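Q: sequence and predicted structure are below.
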Amino acid sequence: MKLHEYQAKEVFADAGIPTPESALATSVDEAVEVADALDYPVAVKAQVHVGGRGKAGGIKLAENTAEAREAAESILGMDLKGYTVDRVLVEEAVDFTNELYVGVTMDRSEGAPVVMVSERGGVDIESVAEEAPEDIVREHVDPSFGLQAYQARNAVYDAGIEQDVAGDVAKIVQGVYDLWADSDATEVEINPVMVTSERDVVAADAVMKLDEDALFRQPAFADMEEDAAEDDLEAKANEYGFDYVRLDGNTGIIGNGAGLVMTTLDLVDYYGGQPANFLDIGGGAKADRVANALDMVFSDENVDSVVFNIFGGITRGDEVARGINSALEQFDEIPTPVVVRLAGTNAAEGREILNDDLVTVEETLEGAVQRAVEYADEEDIQ
Amino acid sequence: MSILVDDDTRVVVQGITGGEGKFHAEQMIEYGTNVVAGAVPGKGGQEVAGVPVYDTVNQAVVAENADASVVLVPPAFAADAVFEALDTPLDLVVAITEGIPSQDMAKVYKRLSEVDTRLLGPNCPGIITPGEAKLGILPGNIFEAGNVGLVSRSGTLTYQVVDSLTARGVGQTTAIGIGGDPIIGTDFIDALELFEADPDTEAVVMCGEIGGEDEEAAAAYIDEHMDTPVAGFIAGRTAPPGKRMGHAGAIVSGSGTGTADSKISALNDAGVPVGDTPEEVADDIEELL
């Protein structure tokens, strides 16, 4: 779960990490009001989960009220790579001399958290990592003991941060690690940390991603989930408790188990179709989950056909079949053709139970995918 | 022959009094697994699925001489259950639970380096030696004893491939689910090493997926150290970057590490055929045998 910049900055401020003065606005008038209450110049920043917001016109500087209005008018309501901007963060622009990078993430190959510091902030840090990995100092942390103060100092001095601000930067590094650990984050990143002309340091951007598996013990972050959702369908998936990812194709996919669902997407592509989504229905076969999964996929207006692929281990084919029948019987007209492939436990019984008037039954995974792709193509032409 | 588990493995099921725990303990016993005890705090003295329950893993080990455990405990308590099993100690701990917070797993991972116990998982379907023992939730009926080893990050994808193999009369020595989390105990290389050393395993199927660089490391290992032929499959060719595809570990990073392309070409470079479909993996295995 990724927080919006404004959410992350609130969290930073609470954790004592310095951020520029800012406030959120959802209308042009509100944005102007907020801007006037701050010191100009201000930055007006779109709050959507899209990389490269600045280049795409989602961040604008304003020197005065008129410019703030103009900036808010152009950004609010704009379409940024498929997402409509409904919120902007209005923030005091920082007069900076240099830009640094501070981040904490889980290094999966080491199975341990790693703190990263670089003098080369303000640019795409991943390209720095590729071109000049030595410019990013990495310090691995024993998660049982947490980041020790000396480790933060080591990282900051080894990164070549100037001595007069090194102490303050080390404090930010410590704050970011502690926040990462306390909030069950997977990633906390500040790019850039700005050094101002007065030699203060401030977090000018804020990226924070949280471990969805730990939200049960992070109630404050769980409350932010709805506002953080990428789009309506993903919010709906959260509500239903599905692993769901929306793509831009027209063949809807429902299956059980992450690897098999990914494989089904890959096969749709392999047979010339375009996957519309990833949806893992998980173990078990409760009728309401089957109905919710179909509802999710039918809610995507791009979907022209659906492939429902279940390999039953614990999941029983007969139960899935009954669930599919009863879900589809609710419709006067089924929104798109549905192809079902059942394998594993009680698959033969399941195939018997499935109502041929409602669905197309296929015996093999490959056959089911090819059929669904054909249907999607036909629907698309119509 | 087989690896890690067989007729003699004595299993304690952690979480045996829960719905999932009881169901799968019964399934394991029905399959012929030597389940000797359950362990659930506060439930000692009960009997579930025909085996005695103890309050602690240590009590179960002392009383019943267990040497392996299956963790079927809800995610909030699972890391603690794994620590308990690691410290008892046991030879093998199979953590089925999906959704253990990653920071908990980082602590478990550190502890693993200090003990001799092997961890499988978490977020895995377990391990099965067909006809002898299964530790986990795999559907036993699709497996058949034979000469192909299987190691996979995904449960149902494993079933799909095994089903194709069994339908062609190709049986398995042992099938291992290593789990779909970013931080896991036994990894591809560990499993491949065990299969390479097993005289009965004549070919190995390796099912990987996007995220991380374990498949690339495994490809290098195969190239340098393995005589047993390997056939591969990689799920997630169509996954967009930055999105978690169901498994916590199945994510292509923004910088482009962990892509299916990178894994497929690493495996191909190591002489491993990578099927475009699960059926093609079964074709490849038939050719390699």
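A: Nice, thanks for sending it over. None of the values given here were measured: they were computed from a predicted structure. Numbering: from 1, shown residues only, chains lettered A, B, ... in the order given.
Q: tell me the secondary structure for residue B:30?
A: Judged by DSSP: H, G, I helix; E, B strand; the rest coil, the three-state class of residue B:30 is helix.
Q: relative to chain A, how far out is it?
A: Distance of residue B:30 to chain A, computed by C-beta to the nearest C-beta, to the nearest Å: 13 Å. Where you see a C-beta, it was placed from the backbone N, CA and C, and this is true even at glycine.
Q: do you know the pLDDT at residue 75?
A: Since you didn't name a chain, this refers to chain A. In this model, residue A:75 is scored at 95, pLDDT.
Q: to clarify, I was referring to chain B.
A: At residue B:75, pLDDT is 95.
Q: how about residue B:255?
A: Residue B:255 carries a pLDDT score of 66 in this model.
Q: do residue A:127 as well
A: pLDDT, read off for residue A:127, is 85.
Q: that one belongs to a helix, doesn't it?
A: Yes - assigned with three-state DSSP, residue A:127 falls within a helix.
Q: how close does it get to chain B?
A: On the measure of C-beta to the nearest C-beta, residue A:127 and chain B end up 8 Å apart.
Q: could you report the neighbour count for that residue?
A: If you count neighbours by other C-beta atoms under 10 Å in any protein chain shown, residue A:127 ends up with 11.
Q: residues touching whichever residue of the stretch 51-200 of chain B sits closest to chain A, list them.
A: Distances between the stretch 51-200 of chain B and chain A by C-beta to the nearest C-beta are smallest at residue B:154, namely 2.3 Å. Applying C-beta atoms under 8 Å, 6 or more residues apart in numbering or on different chains, we find residue B:154 in contact with A:257, A:258, A:259, A:260, A:262, B:177, B:180, B:207, B:209, B:235, B:247.
Q: if we go to 6 Å?
A: For residue B:154, the contact set (C-beta atoms under 6 Å, 6 or more residues apart in numbering or on different chains) comprises A:258, A:259.
Q: in the stretch 251-382 of chain A, which residue sits nearest chain B?
A: For the stretch 251-382 of chain A, C-beta to the nearest C-beta, closest residue to chain B: residue A:259, 2.3 Å.
Q: that residue and residue B:234 touch, don't they?
A: No - between residue A:259 and residue B:234 there is no contact under C-beta atoms under 6 Å: 9.9 Å.
Q: okay, those two: which has more neighbours?
A: Using other C-beta under 10 Å, the more surrounded residue of residue A:259 and residue B:234 is residue A:259, with 32 against 27.
Q: which positions in the host helix or strand of residue B:192 come out as buried?
A: Under the criterion of DSSP states H and E, residue B:192 resides in helix B:188-197. Neighbour counts using 16 or more other C-beta atoms under 10 Å in any protein chain shown place B:188, B:189, B:190, B:191, B:192, B:194, B:195, B:196 of helix B:188-197 among the buried residues.
Q: helix/strand/coil for the residue lying farthest from the centre of chain B?
A: No residue in chain B sits farther from the centre than residue B:45, which is 30.5 Å out by C-alpha atoms, centre = their mean. The three-state label given to residue B:45 by three-state DSSP is coil.
Q: same question, residue B:179
A: From three-state DSSP, the assignment for residue B:179 is coil.
Q: name the nearest residue to it, sequence neighbours excluded.
A: Nearest non-adjacent residue to residue B:179, counting by C-beta to C-beta, 6 or more residues apart in numbering or on different chains: residue B:124, 3.5 Å away.
Q: show the pLDDT at the one you found.
A: Predicted confidence (pLDDT) for residue B:124: 95.
Q: repeat for residue B:1
A: Value for residue B:1, per-residue pLDDT: 61.
Q: same deal with the one 4 residues further on?
A: Reading off the per-residue confidence, residue B:5 sits at a pLDDT of 92.
Q: next one: residue B:249
A: In this prediction, residue B:249 carries a pLDDT score of 86.
Q: can you check residue A:56 too?
A: 86.
Q: which ones are touching it?
A: residue A:80.
Q: walk me through the domains of the chain.
A: Going with chain A. Domains of chain A are assigned by automatic domain parsing as A:21-92, A:96-222, A:230-381.
Q: that's the other chain; I wanted chain B
A: According to automatic domain parsing, the domains of chain B span B:11-120, B:139-288.
Q: thinking again about what came up before, reformat the buried residues of helix B:188-197 as CSV; add pLDDT and distance to residue A:27.
A: Formatted as CSV, those follow (pLDDT from 0 to 100; distance: C-beta to C-beta, whole Å):
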residue, pLDDT, distance to residue A:27
B:188, 97, 53
B:189, 97, 56
B:190, 97, 57
B:191, 98, 57
B:192, 98, 59
B:194, 97, 63
B:195, 98, 63
B:196, 98, 65
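Q: on that earlier part again, ok, now which ones touch the residue of the stretch 251-382 of chain A closest to chain B?
A: Going by C-beta under 6 Å, 6+ apart, residue A:259 touches B:154, B:157, B:209, B:235.
Q: just flag the most distant two among the residues you listed.
A: Largest separation among these by C-beta to C-beta: B:157 and B:209, giving 7.8 Å.
Q: for residue B:118, list the residues it contacts.
A: residue B:92.
Q: flag every buried residue along stretch B:52-68.
A: Here stretch B:52-68 shows B:52, B:53, B:54, B:57, B:59, B:60, B:61, B:64, B:66, B:67, B:68 as buried, counting by 16+ other C-beta under 10 Å.
Q: meant to ask about stretch A:173-193
A: For stretch A:173-193, the buried set under the neighbour-count rule, 16+ other C-beta under 10 Å, comprises A:173-181, A:183-186, A:188-193.
Q: same deal with stretch B:81-92?
A: So stretch B:81-92, judged by 16+ other C-beta under 10 Å, has buried residues B:81, B:82, B:83, B:84, B:85, B:86, B:88, B:90, B:92.
Q: name the SS class of the closest residue to the residue farthest from the centre of chain B other than its chain neighbours, please.
A: Spatial nearest neighbour of residue B:45, excluding adjacent residues (C-beta to C-beta, 6+ apart): residue B:53 at 7.0 Å. At residue B:53 the chain is in strand, as set by three-state DSSP.
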